[in-house]
Every structure is written in structure tokens, then in C-alpha cells.
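Engineer: Dropping the sequence and predicted coords here.
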Amino acid sequence: QLVESGGGLVQPGGSLRLSCSGSGITLDDYAMGWFRQAPGKEREAVSCINKGNTTFYYKTSVKGRFTISRDGAKNAVDLQMNNVLPEDTGVYYCVAASSTILARNICMLDGLWGQGTQVAVSP
């Protein structure tokens, strides 16, 4: 299973670090992604990383602010979120992909999903 952590309430311009921990699976064996779902909107890809750590996807609005990374020792995938904006608010989910379409300009993953962690950006 996957468990997300690190969400919370943060002011605009602040930072959060989300972590997705795996149990029963080795996350380095999978393409991984962070998705978010804002209230009333569909789930969308925020950032994704392929199995070999050679291909990265970032949603245009988060480029230069968010960074996805793996921590093999912890069997985790993190999302560092800097200079957050109110539009970054939503429930953030990680996915270990069994179905993968991933390039610099597209990320479509499906597979094992976590339960989500809430991020709220507000003054």
C-alpha cells in the first residue's frame, strides 16, 4: 500500500514536503506520480517520474516550484512544494503505476493509489 503524509495548511509563498511511503512494494520498481484533486475538479497530474529517474513531468503551473524525488532508502517518493499558491490547494495522491504514459509533456498513470493528503494554501 501507499501512504501519503506531509499535507497541511500553509500560507501563500510557503513550503511543504509531501512524502509517499510504500509498504509491500518497492517504489523504485515503478513509475511514480503525484496527482491532485481540487474541490469540484477532476484529478490531475502534478508531477511524475519514470522508473529509471530519467524522465520527469511537471504540470506547467508548478514548474520551477515543485520537485519530485525518490528516497530509495526510505522506499518513498517526495514532492517538495515551494512558493505555494492558493491554486495548489487540493487533495494530493501518489500512485505507483502499472499503466504508464509518461514524457516531459504528459503524464497518465494508473495503478496503486494512496489515500491522499490534504493541502490547503490560505493566508
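Structural biologist: Nice, thanks for sending it over.
Engineer: OK, contacts around residue 32?
Structural biologist: By C-beta atoms under 8 Å, 6 or more residues apart in numbering, the contact set of residue 32 is 20, 48-49, 68, 70, 77, 94-97, 109. For the C-beta atoms, the positions are set from N, CA and C on the backbone; glycine is no exception.
Engineer: Now the phi/psi pair for it, please.
Structural biologist: Main-chain torsions, residue 32, degrees, to the nearest 10: phi -130, psi 150.
Engineer: Give me the most central residue, this protein.
Structural biologist: Nearest to the mean C-alpha position of the chain, counting by C-alpha atoms, centre = their mean, stands residue 34 at 2.1 Å.
Engineer: Distance check, that one against residue 85.
Structural biologist: 16 Å (C-beta to C-beta, to the nearest Å).
Engineer: Need the nearest residue in space to residue 114, chain neighbours excluded.
Structural biologist: Closest residue to residue 114 apart from its sequence neighbours, by C-beta to C-beta, 6 or more residues apart in numbering: residue 2 at 3.7 Å.
Engineer: Now do the contacts for that neighbour.
Structural biologist: 20-22, 25, 94-96, 112-115.
Engineer: let's see it at 6 Å
Structural biologist: Residue 2 makes contacts with 20, 22, 94, 112, 114, as judged by C-beta atoms under 6 Å, 6 or more residues apart in numbering.
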